[in-house]
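Novice: model the following, please.
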Amino acid sequence: MDRPSLEINLPDTQEEGKLYVVDSLNNLNKLNVCPDGSQHVLDEEESTGDTEENMAGSNIRNQCLFFVTFILTLIVSLALVSFVIFLIIQTRNKMDQITSRLLSEKKDVEELKKMNNMILKHLNLSGIKS
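Specialist: Here you go, the predicted model:
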């Protein structure tokens, strides 16, 4: 009992042509059988090569965007830190000025107290009483 062979030996050019016709008929059948929503899924499956290239380009764009954002964040942070340091230095200078004024005013107040005491002693010695 010999079994008939399921393989058909055709020349390569005719086989490629038949494969093309079969693919075309399958695509036409998918268009007739599938509703509009599922056809979109089929189209996505057929264009996986394009999406891989788009995803690679998208990844590169995302990385570039990340680095640009990172660099801008660093620049803004550096500017803010510089501004804070500037404010600290300015505040220290103002505090030094206020401290020196307070010290000089304290000396003036002490001198005025001494002068007041001297005047009171002089008045007491001279015998002028009010």
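
Novice: need the helices for this structure, in chain order.
Specialist: 12-33, 36-46, 48-126 (DSSP state H).

Novice: could you measure from Leu103 over to Asn116?
Specialist: 20 Å (C-beta to C-beta, to the nearest Å). In this view, the C-beta of every residue, glycine as well, is placed from N, C-alpha and C.

Novice: before we move on, the earlier item: got the helices of the chain as a markdown table, with mean pLDDT columns?
Specialist: A markdown table is the format used below for these (pLDDT from 0 to 100):
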| stretch | mean pLDDT |
| --- | --- |
| helix 12-33 | 67 |
| helix 36-46 | 53 |
| helix 48-126 | 90 |
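
Novice: how about these in CSV, adding mean neighbour count?
Specialist: Shown next, in CSV, are these (neighbours: other C-beta atoms under 10 Å):
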stretch, mean neighbour count
helix 12-33, 10
helix 36-46, 10
helix 48-126, 10
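
Novice: residue contacts, Asn26?
Specialist: With contact set as C-beta atoms under 8 Å, 6 or more residues apart in numbering, Asn26 has no partners.

Novice: numbering from 53 from now on, please.
Specialist: Will do, 53 is the new start, and the previous item becomes Asn78.

Novice: distance of it from Ser152?
Specialist: Applying C-beta to C-beta to Asn78 and Ser152 gives a distance of 93 Å.

Novice: cool, Gly179 as well?
Specialist: From Gly179 to Ser152 the distance is 43 Å (C-beta to C-beta).

Novice: again, but for Ala108
Specialist: 66 Å.

Novice: Ser76 now?
Specialist: When distance is defined by C-beta to C-beta, Ser76 is 95 Å away from Ser152.

Novice: do the same with Leu175
Specialist: 35 Å.

Novice: then Glu163?
Specialist: Glu163 is 17 Å from Ser152, by C-beta to C-beta.

Novice: again with Thr121
Specialist: With C-beta to C-beta as the criterion, Thr121 and Ser152 are 47 Å apart.
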